[in-house]
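> just to be clear, the model below is a prediction. Sequence and coordinates:
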Amino acid sequence: MNIAIISASIREGRETHKVSEELCRRLRKQENINPSLIDLKEYALPLFEALYSEENASEATSKLRRYLHEADAMIFVSPEYNGSYTAALKNMTDGFSKAHFSGKPIGVVSVSSGSLGGMRAAQLMQQLVLALRGYPIPQMLLVPDVDQKFSDEGELLDQAFGKNIALFLEQFLWFTEAITAKKQQEKELIS
């Protein structure tokens, strides 16, 4: 199963990317799971004016389109900026057609240096997933006080918080496997 982890912070010194890397590390240990870490900072997508066309797409945009198309499920990972998710995530989801997200389970992870873990951004990402016609995973992962959770090298320091990550991924995989199995069952009925 292909899982795209969308790391939506593009600023220097970002802590959010450490969370994305931790999720990817943990998913790589799972059998039959193929995670792809998509760092929006590496793609430098143009500001949204119209859907990104396939004809005039840069190599990076074409690569991102392929990752999104091939993903069976996704995880959006974003810091909370002014009560919402990042403009980079909004720009990406606006730039690609809903077909890239529709019918796919999508988990939401919000990161904050404050004590609430980006709750407002997480709730808005859940609404975004619905607008994209995706299936939002009910279990969200909120990462409060992120600067105390990871070392500068990205190592998880707060082992108790590791249990929250494990619970989120357990719920995400259960939900994703259930939807994927149902889709496969329907495909077989049609064949």
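Yes, it's here.

> could you export the worst-scoring helix or strand of the chain on mean pLDDT as PDB, CA atoms only?
Using mean pLDDT, DSSP states H and E, the weakest-scoring helix or strand in the chain turns out to be helix 59-70, at a mean of 89. Output in PDB follows, covering the C-alpha atoms of helix 59-70 (Å, rounded to 0.1, in the frame of the first residue of the first chain):
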ATOM      1  CA  GLU A  59       9.700  17.800 -13.700                       C
ATOM      2  CA  ALA A  60       9.000  18.400 -10.000                       C
ATOM      3  CA  THR A  61       5.300  19.000 -10.500                       C
ATOM      4  CA  SER A  62       5.000  15.900 -12.700                       C
ATOM      5  CA  LYS A  63       6.800  13.800 -10.000                       C
ATOM      6  CA  LEU A  64       4.400  15.200  -7.300                       C
ATOM      7  CA  ARG A  65       1.400  14.400  -9.500                       C
ATOM      8  CA  ARG A  66       2.600  10.800  -9.900                       C
ATOM      9  CA  TYR A  67       3.100  10.400  -6.100                       C
ATOM     10  CA  LEU A  68      -0.400  11.800  -5.400                       C
ATOM     11  CA  HIS A  69      -2.000   9.600  -8.100                       C
ATOM     12  CA  GLU A  70      -0.200   6.400  -7.000                       C
END
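
> for Gln123, see how far away Ala99 is.
Distance of Ala99 to Gln123, given as C-beta to C-beta, to the nearest Å: 25 Å. All C-beta atoms are positioned from the backbone trio N, CA, C, and that covers glycine.

> who has more neighbours, the two?
Relative neighbour count places Gln123 above the other of Ala99 and Gln123, with 16 against 11, counting by other C-beta atoms under 10 Å.

> quick check: which element contains that one?
Take DSSP states H and E as the rule and Gln123 turns out to sit in helix 119-131.

> in the protein, where is pLDDT below threshold?
Within the chain, the stretches with pLDDT under 70 are 49-57.

> and the helices in it?
Remark: helices assigned in the chain by DSSP state H are 16-28, 59-70, 87-95, 119-131, 159-190.
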